[in-house]
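In: below: sequence and its predicted model.
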Amino acid sequence: MIFLGIDTSNSPLAVALVKDGTVLIEETTNLKINHSLTAMPAVEEIMAKAKVAPADLTHIAVAEGPGSYTGVRIGLTIAKTLAWSLKIPLYMVSSLKVLAANGQFFDGLVCPIMDARRGTVFTGAYDGLSLQEIIPDGHSDLKEFLEKLQQYNKPVLFTGIDVSIHEATIRDAMGDKAFFSAPQNRLPRASNLIMLAKGSEPVDVHQAIPEYHRITEAEANYIKAQEGQSK
């Protein structure tokens, strides 16, 4: 059983191959280069290094979002195309849960953070030991989300590449309950993505869609235009 994992949901690019529970190869880059130029070559590179042919793949896992609209679509398109052409199962995992897995075994809550601008974030809260979802993933005002976290009265590990953007706000709100993962542990790992996929059910390739957790700018503009016409 060989799993291919792909996460292009944010600026980092993460790919991995896992065979029967053993990581054959894993690569993560954070170069802020358009994933449309790098994602498929990265997949081809790790497969060549591991001497894994497309026909050897048995499962594919991909990060479903949230994150960059374009980034999420790129990874999902590659994964769907491979799953359909190879006739193998496709699994989709929350991009936030993939980040939360970096903090597994933390005795408290783990909160992945993705900046969504204007004081908002994509986030959720997971039990550090089981990775069970405690607060569902979503698009939240950061200060309101932190108020919700305070009600749990537990230590919280914050992770994700955008944590540094909001660290001061988090420290002010959470005090000594706030902990921050080391910088090297803030990047997504495709091997974690695969691990999480193994505990889920495959999806219908033709029904697989991104999970943005908010409408796109084009959708927002369309709704605004429709509301203007109705007045």
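Out: Yep, it's here. Residues are numbered from 1 along each chain as shown.
In: show me the shaky parts of this structure.
Out: Filtered on pLDDT under 70, the chain yields the residue ranges 215-231.
In: domains for it, by residue range?
Out: Here the chain is described, according to automatic domain parsing, as comprising the domains 2-95+188-221, 99-185.
In: can I get these in TSV with mean neighbour count?
Out: All C-beta spots, glycine's among them, are computed from the backbone N, C-alpha and C. Conversion of the domains of the chain to TSV gives the following (neighbours: other C-beta atoms under 10 Å):
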stretch	mean neighbour count
domain 2-95+188-221	19
domain 99-185	18
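In: next SSE after the longest helix seen in the chain?
Out: Of all the segments of type helix in the chain, defined by DSSP state H, the longest one is helix 69-86. Of the helices and strands lying after helix 69-86 in sequence (DSSP states H and E), the nearest is strand 90-93.
In: what sits up against the helix or strand that comes right after that next one?
Out: Stepping forward along the backbone from strand 90-93, the first helix or strand reached (DSSP H and E) is helix 95-100. Residues from elsewhere that reach helix 95-100, judged by C-beta atoms under 8 Å, 6 or more residues apart in numbering: 7, 9-10, 63-67, 72, 110-112, 114, 122-124, 126, 131, 133, 137, 159-160, 186, 188-189, 192-193, 196.
In: what residues are bridge-paired with the nearest residue to Val43 once chain neighbours are set aside?
Out: Take Val43 and drop its neighbours on the chain: the residue closest to it by C-beta to C-beta, 6 or more residues apart in numbering is Val15, 5.6 Å away. Legend: beta-bridge partners of Val15 under DSSP bridges are Ile6, Glu27.
In: for Val15, which residues are in contact?
Out: Taking C-beta under 8 Å, 6+ apart as the criterion, Val15 is in contact with 4-7, 26-28, 39, 42-43, 46, 190.
In: tell me the spacing between it and Met40.
Out: For Val15, the distance to Met40 (C-beta to C-beta, to the nearest Å) stands at 10 Å.
In: follow-up on the earlier one: just the contacts of helix 95-100: which are in strands?
Out: Secondary structure from DSSP state E places 7, 63, 110-112, 114, 122-124, 126, 133, 137, 159 of the contacts of helix 95-100 in strands.
In: of these, just say which sits nearest to Tyr91.
Out: For Tyr91, the closest of these turns out to be Ala63, at 10.3 Å, with distances computed as C-beta to C-beta.
In: any idea how far Glu167 is from that closest one?
Out: 24 Å.
In: out of the ones in strands among the contacts of helix 95-100, which is nearest to Asp176?
Out: Checking these against Asp176 with C-beta to C-beta, the nearest one is Cys111 at 15.7 Å.
In: my guess is that closest one contacts Val163. True?
Out: No - in this structure, Cys111 is not within contact of Val163 by C-beta atoms under 8 Å, at 9.0 Å.
In: tell me which residue is most central in this structure.
Out: Nearest to the geometric centre of the chain sits Ser95, at 1.4 Å (C-alpha atoms, centre = their mean).
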